[in-house]
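S.K.: For reference, the sequence and a predicted model appear below.
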Amino acid sequence: MDQSVAIQETLADGDYCAVQGVLCEGDSRQSRLLGLVRCCPERGGQEHALFLYTHRRMAITGDDVSLDQIVPVSRDFTLEEVSPDGELYILGSDVTVQLDTAELSLLFQLPFGSHTRTFLQEVARACPGFVPAIPDPEFLWLSRYRCTEPEPEPPTPRSWNSAPGTWPGRARIGGGGSSSDELRPNGKGLPVDQSSWGQNKPENSLSRQNKSKSEISNMVRSSTITVSDKAHILSMQKFGLRDTIVKSHLIQKEEDYTYIQNFRFFVGTYNVNGQSPKECLRPWLSHDTQAPDVYCVGFQELDLSKEAFFFHDTPKEEEWFKAVSEGLHPDAKYAKVKLIRLVGIMLLLYVKQEHAAYISEVEAETVGTGIMGRMGNKGGVAIRFRFHNTSICVVNSHLAAHTEEYERRNQDYKDICSRMQFCQVDPSLPPLTISKHDVILWLGDLNYRIEDPDVEKVKKLIEEKAFQTLYAYDQLRAQVAAKAVFEGFSEGELTFQPTYKYDTGSDDWDTSEKCRAPAWCDRVLWKGKNITQLSYQSHMALKTSDHKPVSSVFDIGVRVINEELYRKTLEEIVRSLDKMENANIPSVSLSKREFCFQNVKYMHLQVESFTIRNGQVPCQFEFISKPNEESYCKQWLRASPSRGFLLPDSSVEIELELFVNKTTATKLNSGEDKIEDILVLHLDRGKDYFLSVSGNYMPSCFGSPIHTLCYMKEPILDLPLETIRELTLMQLQTEDNGSQLEKPMDIPKELWILVDYLYRNAIQQEDLFQQPGLRSEFDHIRDCLDTGTIDNLSASNHSVAEALLLFLESLPEPVICFSAYRNCLECSGNLTASKQVITTLPACHRNVFTYLMAFLQELLKNSAKNHLDDNILASIFGSLLLRNPAGHQKLEMAEKKKAQEFVHQFLTHPEPLSLLSYSA
């Protein structure tokens, strides 16, 4: 039970972080509360002191505690965990800590758990260190806690109150409750500033009745705890293990100390088509008479400008945030919990002010599913949080467009589910996925269309309000029925007309040249228990966009903690852990220890799994690094989860995921690396287990250098491994050095195949290089290139275009060599100087650059059909052709714009080039 509120009531100013400790002094032990108190003196900086209190068994208010001793956190202050002589470490036992100053030494014990962990971290961060430039703490502020007439002290160990080095006076302040006002200037406690104390747990929160909206908002935040370097001295793993044992037992016994309470959730989605807000949003956000407890509001296509797409900045975020804030229900006051945006996909989370104290563990993540699997024009954003004792995840997604692209939409959904991962407060625990939540709310422009090709028939059914007849043609219904997407999710009955596509500013169906068929693109689905949908509707009154906004209102049963029952349950768990045998050593069995991955291919995921089954002792496991290695495995391998906790007789399935990408492909091609590794599975307080990983990699043109591919006149898989190795390791030459090798091709044949396919089939393709392809088709394209079976190449234009971009991205040395990178940025905007830089490139790189520019110029000649422009192409290809030699994953914004400008000038000042002038 957190008793820090009682300590806070005794303080004039400063933060707190308190746990109950036991002083160890010979054979005498007395319970104390410890509080870390912070003050900001007028001269600047921060000073800290450790306050030690006597207390009643369970301190609830300031009347229950009395200040016994103050230990300033000075330069000579140290605090570290120790192991008492002759004692064995017992799982679940208290933590013994040694406190030392120049004149004082104290030994005390702290109970295991999250409060102890946080307390020790914060004490470590409070130590002033030995920086000469920082003046020594003066601790003048501590004088306010001295009493002029201290009351007689109760019998305590002599050294507790008489040890030298504690604050002068060492008088006991307060008299067991009768002098409680003396502890608080003006006779009252001050609000707690928790800005540096980690997560805002409900049990740590003061009454919120008198707090302003801004104060409430500041208290609702991400739960990340920053761990200082000193915290590692305090055996973080041991704290985490104990805490995990308690949490695991608490989860098992959750029904013993919680009850279900309904809260009203508003979930809304609106594709705004790049428009600014032009009308009040209350008809959408506040249509119900009852004010929601929680708002989850999602937008898509917030900004359609190229600047937002490529540089992620947009003024529309602030515009729509303001419009939403003004449109919330007028009968309640709300605090903004979180805003997350990925290009045009934005999600906002608000709660009523009175609920803000019970929001914790807030995290937000994004997943781009656009071209190359990362562009943010399509994808999802999500916010996860804990409300009381229920975990909730809200996802807003914008999936692939166009009627025929339902498979791409399915793939986008699966990508969001697999790649959306949230960090946990406890770093020893694996990231959380969307599915690992009690309640999931999924909203957005899912873009599933109506299959019936007869647009007039669709409109007639809408006019007749025959929505159930029309629903039979809905793609999402069909895909859910086939269990291709949203398995286990529910959706309410569609009793409103399709929300897309309208003429902007009206309720008229699309009258443009394309005349898009109406569709229920905008949807809300849910998954979890104790969820009742109260309404599901569109809002025709809003006419800003070619979509209509959709809302769904839910009553969601949330598990609320009964504090009294929680305390009893916690005490039972602690007592049971105290009885654990200290002689037991953790032991597990593994279902498999040898793993062989056959025919591993570039960007093709392979998974092998095994089970860890625990014995009779709770244990914490983790894959650990081998000596002189930075990671527990090679870059192409990952264990999921890589660490965890097991209760007695429980088990967990571990997946070993093998995935070769641009980072690891080149060394596997050359033979410098092989599919071979040894994993070490370590048990805390137990033994290590060794797992063997082996396999074979299929060399690929992806990840091979340009000059290597120019010398490969045969498909790479037709060549002996030794030949591939020699050509891959061959040094890049600026000019022909008279080597004995055959004359190379002008450009890699694989590049020619991809560009030629696009030149013949996709020169007028709309959204080329902006619409993603299908992963299954990429596998087919890669195999055709690596085996030379180009006659069998059959894929969508978008898949081939994406394969071209992935090919360029995988080059270990980019088209414009690293050595020319800085020169290119410096001369961007100067075409003559830029051309001169290109002439200094090795012949094969120079040829590839010139060839690609010729192809892109051909695309621009057909811009009336494909809707491409020079800015789009320069942005896409700038970051692929020019890469920072420092190895950064992304260019800095200024560098990114210069790289774009460098490529842009070659597109707008074309040379007389021909796509047919190069041999492959």
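M.R.: Perfect, I can see it now.

S.K.: quick one, helices of the stretch 351-500 of the chain?
M.R.: Assigned by DSSP state H, counting those that start in this stretch, the stretch 351-500 of the chain shows helices spanning 406-419, 455-463, 467-471, 475-481.

S.K.: Kindly compare burial across the ones you listed and name the winner.
M.R.: Neighbour counts averaged per stretch over the helices of the stretch 351-500 of the chain are highest for helix 406-419, at a mean of 20; criterion: mean count of other C-beta atoms under 10 Å. (Glycine included, C-beta is placed from N, CA and C.)

S.K.: Which residues does that helix contact?
M.R.: Helix 406-419 is contacted from outside by 367, 369, 373, 378-380, 382, 395, 397, 399-400, 433-435, 446-449, 475, 479, 484-486, 772-775, using C-beta atoms under 8 Å, 6 or more residues apart in numbering.

S.K.: What average pLDDT does it get?
M.R.: For helix 406-419, mean pLDDT is 94.

S.K.: related to what we said a few turns ago, list just the one of the helices of the stretch 351-500 of the chain that sits closest to Glu493.
M.R.: Nearest to Glu493, of all these, is helix 467-471, at 7.9 Å by C-beta to C-beta.

S.K.: What is that closest one packed up against?
M.R.: Counting contacts by 3 or more C-beta pairs under 8 Å, 6 or more residues apart in numbering; DSSP states H and E, helix 467-471 is packed against helix 455-463.

S.K.: Please compute how far the helix it packs on lies from its chain's middle.
M.R.: Its chain's C-alpha centre and that of helix 455-463 lie 43 Å apart, by C-alpha atoms, centre = their mean, to the nearest Å.

S.K.: can you pull the alpha-carbon coordinates of it into PDB?
M.R.: Only the C-alpha atoms of helix 455-463 are listed here, as PDB (Å, rounded to 0.1, in the frame of the first residue of the first chain):
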ATOM      1  CA  VAL A 455     -23.100   1.700 -59.500                       C
ATOM      2  CA  GLU A 456     -26.700   2.500 -60.300                       C
ATOM      3  CA  LYS A 457     -27.900  -0.700 -58.600                       C
ATOM      4  CA  VAL A 458     -25.900   0.300 -55.500                       C
ATOM      5  CA  LYS A 459     -27.400   3.700 -55.500                       C
ATOM      6  CA  LYS A 460     -30.900   2.300 -55.900                       C
ATOM      7  CA  LEU A 461     -30.500   0.000 -52.900                       C
ATOM      8  CA  ILE A 462     -29.300   2.900 -50.900                       C
ATOM      9  CA  GLU A 463     -32.300   5.000 -51.900                       C
END
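
S.K.: Quick check: neighbours of the helix or strand where Ser552 lies in the sheet, parallel or antiparallel?
M.R.: Element membership for Ser552, per DSSP states H and E: strand 550-561. Partners of strand 550-561 in the sheet, by DSSP bridges, are strand 258-271 (antiparallel), strand 531-538 (antiparallel).

S.K.: and it, average pLDDT?
M.R.: Here the average pLDDT along strand 550-561 is 97.

S.K.: do stretch 731-744 as well
M.R.: 64.

S.K.: likewise stretch 270-286?
M.R.: Averaged over stretch 270-286, pLDDT sits at 96.

S.K.: okay, it in PDB with CA atoms only?
M.R.: Written as PDB, here are the backbone C-alpha positions of stretch 270-286 (Å, rounded to 0.1, in the frame of the first residue of the first chain):
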ATOM      1  CA  TYR A 270     -13.500  11.000 -40.200                       C
ATOM      2  CA  ASN A 271     -11.600  11.100 -43.500                       C
ATOM      3  CA  VAL A 272     -11.300  14.800 -44.100                       C
ATOM      4  CA  ASN A 273      -9.800  14.700 -47.600                       C
ATOM      5  CA  GLY A 274      -7.000  17.200 -46.800                       C
ATOM      6  CA  GLN A 275      -9.500  19.900 -45.900                       C
ATOM      7  CA  SER A 276      -9.300  22.400 -43.000                       C
ATOM      8  CA  PRO A 277     -12.200  22.400 -40.500                       C
ATOM      9  CA  LYS A 278     -15.000  24.600 -41.900                       C
ATOM     10  CA  GLU A 279     -17.900  23.700 -39.500                       C
ATOM     11  CA  CYS A 280     -18.500  22.900 -35.900                       C
ATOM     12  CA  LEU A 281     -17.900  19.200 -35.000                       C
ATOM     13  CA  ARG A 282     -20.500  19.000 -32.200                       C
ATOM     14  CA  PRO A 283     -23.200  17.300 -34.500                       C
ATOM     15  CA  TRP A 284     -20.700  14.500 -34.700                       C
ATOM     16  CA  LEU A 285     -18.900  14.600 -31.300                       C
ATOM     17  CA  SER A 286     -21.700  15.700 -29.000                       C
END
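
S.K.: Please tell me how far that stretch is from the chain's geometric centre.
M.R.: Relative to its chain's centre, stretch 270-286 lies at 28 Å (C-alpha atoms, centre = their mean).

S.K.: Can we start the residue count at 34 from this point?
M.R.: Yep, numbering from 34; the last one is stretch 303-319 now.

S.K.: Wait, Leu750 touches Thr822, no?
M.R.: No. Leu750 is beyond contact range of Thr822, at 10.2 Å (criterion: C-beta atoms under 8 Å).

S.K.: Of the two, which one has the most company?
M.R.: Shown here are Leu750 and Thr822; by other C-beta atoms under 10 Å, Leu750 has more neighbours (15 against 12).

S.K.: helix/strand/coil for Ile373?
M.R.: Here Ile373 is recorded as strand under DSSP: H, G, I helix; E, B strand; the rest coil.

S.K.: show me what contacts it?
M.R.: Per C-beta under 8 Å, 6+ apart, neighbours of Ile373: Met379, Leu380, Ala397, Glu398, Thr399, Val414, Ala415, Ile416.

S.K.: hang on, the earlier thing: can you give me the buried ones in the strand holding Ser585?
M.R.: For strand 583-594, a neighbour-count test (16 or more other C-beta atoms under 10 Å) marks Val583, Ser584, Ser585, Val586, Phe587, Ile589, Gly590, Val591, Arg592, Val593, Ile594 as buried.

S.K.: Taking those, tell me the two that lie furthest apart.
M.R.: Among the buried residues of strand 583-594, the pair separated by the greatest distance (C-beta to C-beta) is Val583 and Ile594, at 33.7 Å.

S.K.: Can you tell me how far Asn410 is from Cys734?
M.R.: Per C-beta to C-beta, to the nearest Å, Asn410 is found 28 Å from Cys734.

S.K.: Ser642 now?
M.R.: Ser642 is 31 Å from Cys734, by C-beta to C-beta.

S.K.: neighbour count winner among the two?
M.R.: Neighbour totals were compared for Ser642 and Cys734, and Cys734 leads with 24 against 13 (other C-beta under 10 Å).
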